[in-house]
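Undergrad: I would like to see how this sequence folds:
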Amino acid sequence: MMLERFLGSGAAAGALDDTAFMQAMLDFEGALAGAQAAVGAIPRAAGEAIAHACDAARFDATTIAAEGARAGSLAMPLVKALTAEVARTDAQAAMFVHWGATSQDVLDTALVLVSRRVLALVDDDVGALVETLIDLARVQQGVPVLGRTLMQPAQVVSLDFKLAGWIAPLVRGRARLREAGARALQLQLGGAVGTGAALGEHADAIAFAMAQALQLRLPDAAWHTQRDEMATLAGALGVLVGSLGKIAQDIALMAQGEVGELVEGASGGSSTMPHKRNPVGAMVALAAAHRAPQRVAAILGAMPQAHERGLGDWQAELAEFCGLLASAAGAAAAVRRAAEGLQVDAARMRRNIDALQGLVFAEALSMRLASTIGKAAAHHRVEAWSRRAVEQGRHLRDVASSAIVDDEALRDRIPASDVVALFDAEAAAQHASRLARLRLKDLARQSALQEDSAPWAAWLPGDDGDDIEEDA
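TA: Below you'll find the predicted structure:
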């Protein structure tokens, strides 16, 4: 669908398209036949003939989807078409297509196989994003920037401090996704009710051989209506999308013309306003962050599945899971692109601090007074001085300095140099930066270890490029 591609990743779209999913189902059928032939459950020639026919190029995905809607399962028309394809060259072998398996075995395993490819993309993009942000934090170390709370200026922090707050959830999210994926990416092979009875005495050996062939974890039993591992993986994806959305939100706010502290390097233009530089990477990630929670909720809502095979619930989960994967991949790729070209305007950051007439240093001033006259009295005075600064259009530093000089109880106890020092943006930023440097050192170490152990790197598909350049 055009809109899904607009908000997604080209590489992920390729891993999730009709042909890719059909090939994943065929990979299951080929692995099943190969495993059965290897243990003597079906003739070796039949296994070879079936495996040879398991090529998506031989089948029409549109036809399979249309027939699947009528049959109630995508697997049924595919198995029928595969059986006919095998029979063209070996009628005897066609008898053994899909031998002992059930439709949900095919579909669940296919979902796992396509998920692995998309998770590889997400993991790669998040890893690259973390490294980009760590490098940016090193370059922008100690740069003063406004810290904002409740959407209002609060205090001065440093840009590397802010970036560390972006990076940490990504490192944790990447680890969480790998842990959940390691459990959820498993073979499904249980037959009609999960017992594998139709596979006969070779059931365990067939499952083992299939897991080896598909490079999937071998579960201890079928999980047709036990969806906890997939739901946990969905939750990890949803949390990661939320973390990417937080970064996107900050970039979008800091890129507003009135703020002007950041600009996406690959900003989009406008069809009507030539001056605009829209934060399109942030836009894609925010769109994903709006959609992902509902997809995760739908997957959680589908967990109470009836008896040994559900009705309507796992089918809904299949569709929602693919949508969630697409959103996560789109968000990760978009924020990676945004970060790689992110332009920092440190001078504008400083001007935004200075424009606030020193009000963001009010807490520091209050704490200094509190050591002399107590916290309550200090808060009351600084609150009054802040109002005066706003009303008179003066800097809080100047208002406070004058008030202290005029106050006999304060003038000898609070030197003028102390007051001036409290309004030093560079000094305020250095405090935050010291905390950031310690945190970034540990995050860089964790990220390096993650890079050395990427679990799905072998499944990375090629990226066909999908940059968004313009809004409507």
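
Undergrad: Break the chain down into its domains, please.
TA: 2-348+454-471, 359-422 (automatic domain parsing).

Undergrad: ok now the longest one, how far from the chain's centre?
TA: Taking C-alpha atoms, centre = their mean, to the nearest Å, one finds the center of domain 2-348+454-471 at 10 Å from the center of the full chain.

Undergrad: For Gly358, give me its contacts.
TA: 389, 395-397, 423 (C-beta atoms under 8 Å, 6 or more residues apart in numbering). All C-beta atoms are positioned from the backbone trio N, CA, C, and that covers glycine.

Undergrad: Mind doing that once more with 6 Å?
TA: Taking C-beta atoms under 6 Å, 6 or more residues apart in numbering, we find Gly358 in contact with 395-397, 423.

Undergrad: and which of those is nearest to Val130?
TA: The shortest separation between Val130 and any of the contacts of Gly358 is 34.9 Å, and it belongs to Phe423 (by C-beta to C-beta).

Undergrad: if I look at that closest one, how far off is Arg70?
TA: With the distance defined as C-beta to C-beta, to the nearest Å, Phe423 ends up 74 Å from Arg70.

Undergrad: ok, now Val239?
TA: Counting by C-beta to C-beta, the gap between Val239 and Arg70 amounts to 38 Å.

Undergrad: Which one of the two is surrounded by more residues?
TA: For Val239 against Arg70, the residue with the higher neighbour count under other C-beta atoms under 10 Å is Val239, and the figures read 19 against 9.

Undergrad: how near is the more buried one to Thr232?
TA: Distance of Val239 to Thr232, given as C-beta to C-beta: 11 Å.

Undergrad: Outside of stretch 425-434 itself, which residues are in contact with it?
TA: Residues lying outside stretch 425-434 but in contact with it, judged by C-beta under 6 Å, 6+ apart, are 141-142, 144, 156-158, 160-161, 353.

Undergrad: how about 10 Å then?
TA: Counting contacts by C-beta atoms under 10 Å, 6 or more residues apart in numbering, the residues outside stretch 425-434 that touch it are 137, 140-147, 155-162, 164, 349-350, 353-354, 358, 360-361, 364, 421-422, 424, 436, 440.

Undergrad: Next step: those restricted to strands.
TA: Using DSSP state E, the subset of the contacts of stretch 425-434 located in strands is 144-147, 155-158.

Undergrad: Can you add neighbour count, pLDDT and distance to Ser243 and give the residues you listed back as CSV?
TA: Formatted as CSV, the entries for the ones in strands among the contacts of stretch 425-434 read as follows, by neighbours: other C-beta atoms under 10 Å; pLDDT from 0 to 100; distance: C-beta to C-beta, whole Å:
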residue, neighbour count, pLDDT, distance to Ser243
Pro144, 24, 98, 25
Val145, 27, 98, 20
Leu146, 22, 98, 22
Gly147, 18, 97, 19
Gln155, 17, 96, 24
Val156, 27, 97, 25
Val157, 23, 98, 19
Ser158, 29, 98, 21
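
Undergrad: any chance of these in a markdown table, plus distance to Ala168?
TA: Rendered in a markdown table, the data for these read as follows (distance: C-beta to C-beta, whole Å):
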| residue | distance to Ala168 |
| --- | --- |
| Pro144 | 21 |
| Val145 | 18 |
| Leu146 | 20 |
| Gly147 | 16 |
| Gln155 | 20 |
| Val156 | 21 |
| Val157 | 15 |
| Ser158 | 15 |
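
Undergrad: returning to that earlier point: most neighbours, which of the contacts of Gly358?
TA: That'd be Leu396 among the contacts of Gly358, by other C-beta under 10 Å, with 24 neighbours.

Undergrad: Spatially nearest residue to it, not counting backbone neighbours?
TA: Beyond its immediate neighbours in the sequence, the residue positioned closest to Leu396 (C-beta to C-beta, 6 or more residues apart in numbering) is Gly358, lying 3.6 Å away.

Undergrad: give me phi/psi at that neighbour?
TA: With angles defined as degrees, to the nearest 10, Gly358 shows backbone torsions of phi 80, psi 0.

Undergrad: Check Asn278 too.
TA: phi -80, psi 140.

Undergrad: correct me, but it touches Ile251?
TA: No - here Asn278 lies out of contact with Ile251, judged by C-beta atoms under 10 Å, at a distance of 11.4 Å.

Undergrad: So between these two, which is more surrounded?
TA: Summary of the neighbour comparison: Asn278 and Ile251, criterion other C-beta under 10 Å, with Ile251 having more neighbours (24 against 19).

Undergrad: So the more buried one sits against Val284, correct?
TA: No - using C-beta under 10 Å, Ile251 is not in contact with Val284; the gap is 11.5 Å.

Undergrad: Mutual contacts of these two, please.
TA: In the contact map built from C-beta under 10 Å, 6+ apart, the residues linked to both Ile251 and Val284 are 335, 338.

Undergrad: As a quick check, tell me the outermost residue of the protein.
TA: Glu408 (58.7 Å; C-alpha atoms, centre = their mean).

Undergrad: For that residue, give me its contacts.
TA: By C-beta under 10 Å, 6+ apart, Glu408 lies in contact with nothing.

Undergrad: cool, the one 4 residues further on as well?
TA: Asp412 sits next to Ile404 when contact means C-beta under 10 Å, 6+ apart.

Undergrad: Phi first, then psi, for it.
TA: When read as degrees, to the nearest 10, the backbone of Asp412 gives phi -90, psi -10.
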